[in-house]
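[1] Task: produce atomic coordinates for the following.
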Amino acid sequence: MGGGTEADGTKSTSFCSNCYNNGAFTAYFGTAKEMQAFCKTQMRKSGVLTPIAWIFTQQIPFLDRWRED
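    Coordinates of the predicted model:
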């Protein structure tokens, strides 16, 4: 991972390489709730227990990606 990239090729300090590259988001998630559901599903597939996955995704709505300016 190590961070996504901005349009000029520099590393993003705000967004990961799974969803942000070349200055744009690579995956569509219309809402933070959709992103939370996706992340929980991926964690469960990796063997993370449901309560732990829930805890890990609670901060998603507060990340820069989901904040309204």
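[2] List the contacts of Phe56.
    The neighbourhood of Phe56, defined by Cβ atoms under 8 Å, 6 or more residues apart in numbering, consists of 39, 43, 48. C-beta coordinates here come from the backbone N, C-alpha and C atoms, glycine included.
[3] May I see those arranged in TSV, with neighbour count as well?
    Compiled in TSV, the contacts of Phe56 are given as follows (neighbours: other Cβ atoms under 10 Å):
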residue	neighbour count
Cys39	17
Met43	17
Val48	16
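[4] Go ahead and flag the most central residue of this structure.
    For the chain, the residue sitting closest to the mean C-alpha position, by Cα atoms, centre = their mean, is Cys19 at 6.2 Å.
[5] Just the buried positions in stretch 40-53, please.
    Counting neighbours by 16 or more other Cβ atoms under 10 Å, one finds that the buried residues in stretch 40-53 are 40, 43, 48, 53.
[6] Determine how far it lies from the middle of the whole chain.
    Offset of stretch 40-53 from its chain centre (Cα atoms, centre = their mean, to the nearest Å): 15 Å.
[7] what's in contact with that stretch?
    By Cβ under 8 Å, 6+ apart, the list of residues contacting stretch 40-53 from outside reads 39, 54, 56-57.
[8] Just give me the least confident of those residues.
    Scanning these for pLDDT, the low point is Cys39. It has 90.
[9] from the contacts of Phe56, which ones fall inside strands?
    By the criterion of DSSP state E, membership of those in strands covers no residue at all.
[10] which among these gets closest to Thr10?
    In terms of Cβ to Cβ, no member of the contacts of Phe56 lies closer to Thr10 than Cys39, at 25.8 Å.
[11] how near is the closest one to Ala7?
    Note on Cys39: its distance to Ala7, by Cβ to Cβ, to the nearest Å, is 26 Å.
[12] Now do the SS call for the residue in the chain sticking out farthest from the centre.
    When distances to the mean C-alpha position of the chain are computed (Cα atoms, centre = their mean), the maximum falls on Asp8, with 21.1 Å. Here Asp8 is recorded as coil under DSSP: H, G, I helix; E, B strand; the rest coil.
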